[in-house]
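Asks: Kindly generate the corresponding structure for this input.
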Amino acid sequence: LKLVTPCQSEEDLIDEYTVYKLYNQVTDLSFKVRLVKILYFDTVLNRAVFERYSFFIEDKEHVAERNNVLAKDRLATPFDMNKGNYIKLSVFQYLIGNKDWWVSSRKNIVIMQPKDSSAGLYAVPYDFDFSGIVNAEYTKPIGAPDDLIDDRRVYKGICFTDDQFKEVFDFYKQLRPVLVSIINNQDLVSKFDRRQILRYINEFYTVIDNKYLVKQNILNVCETRKDYNLTN
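Replies: Presented below is the predicted three-dimensional model:
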């Protein structure tokens, strides 16, 4: 199992762990995580050194088995993806303010293939530490302005119909109390940090509740087949 340990702040790690828990509520096609506290022990001096929180990430083969699909290391474009899965994923990445992913290069994405090839491929995301919701200090360039976090929320998904976007926006609106509850119940995150995360999420809901903001931030920047040199 992959073990994620703190780069600097334990709270950043807990924030990222929480993002995984949020996405578990969006779809079963997601990595389960388990929080652990690790005691680091100096075997030479025969004494405990320190304790740190970390978390385990489910193996991709287990994710595939749970969902009756196969994990595939293969080339794909967003237009090969299952539409229902991909629009939820794209909007979630926009919700958390994460630009650090890409299907075509499989950057922080695992491709899953169903037995019925006509259903399209599934994209399963991981590695959320560069998201605005985590806002880890080590992800900020030296000398960058404090409002850099606002630049992380960029919609990187493809274009869908108005009805498809409305459906997924309604889905996230219904899910909102669950997401808020998960964040509020994360006692290992400071109250201040929880308020900051909730503020960041509330900004997402402000966007999807406003047709002008949806057009400006999503419809005007979504990718088309031409962006991938696809003619058909």
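Asks: Can you pull out the low-pLDDT segments for the chain?
Replies: Scanning the chain for pLDDT under 70 picks out 140-150, 232.
Asks: Can you give me the buried ones in the longest helix along the chain?
Replies: The residue-count maximum for a helix in the chain (DSSP state H) belongs to helix 162-184. Within helix 162-184, the residues scored as buried using 16 or more other Cβ atoms under 10 Å are 165, 168-169, 172, 175, 179, 183. Yep, even glycine has a C-beta here, placed from its N, CA and C like the rest.
Asks: Just give me the closest of these to residue 92.
Replies: Taking Cβ to Cβ as the measure, residue 92 lies nearest residue 172 of those, at 8.0 Å.
Asks: any idea how far residue 38 is from residue 45?
Replies: 18 Å (Cβ to Cβ, to the nearest Å).
Asks: the more surrounded of those two?
Replies: residue 38 (12 against 8; other Cβ atoms under 10 Å).
Asks: Show me what the more buried one bridges to in the sheet.
Replies: residue 52 (DSSP bridges).
Asks: Phi and psi next, for the most far-flung residue of the chain relative to its centre.
Replies: Relative to the C-alpha centroid of the chain, counting by Cα atoms, centre = their mean, residue 45 is the outermost residue, at 40.8 Å. Dihedral angles of residue 45 (phi, psi; degrees, to the nearest 10) stand at phi -90, psi -10.
Asks: And stretch 187-200, what's buried?
Replies: Neighbour counts using 16+ other Cβ under 10 Å place 189, 193-194, 196-197, 200 of stretch 187-200 among the buried residues.
Asks: Now go through the residues you listed and say which are in helices.
Replies: Secondary structure defined by DSSP H assigns 193-194, 196-197, 200 of these to helices.
Asks: where along this protein do the strands fall?
Replies: 2-4, 33-42, 47-57, 69-72, 109-114, 122-125 (DSSP state E).
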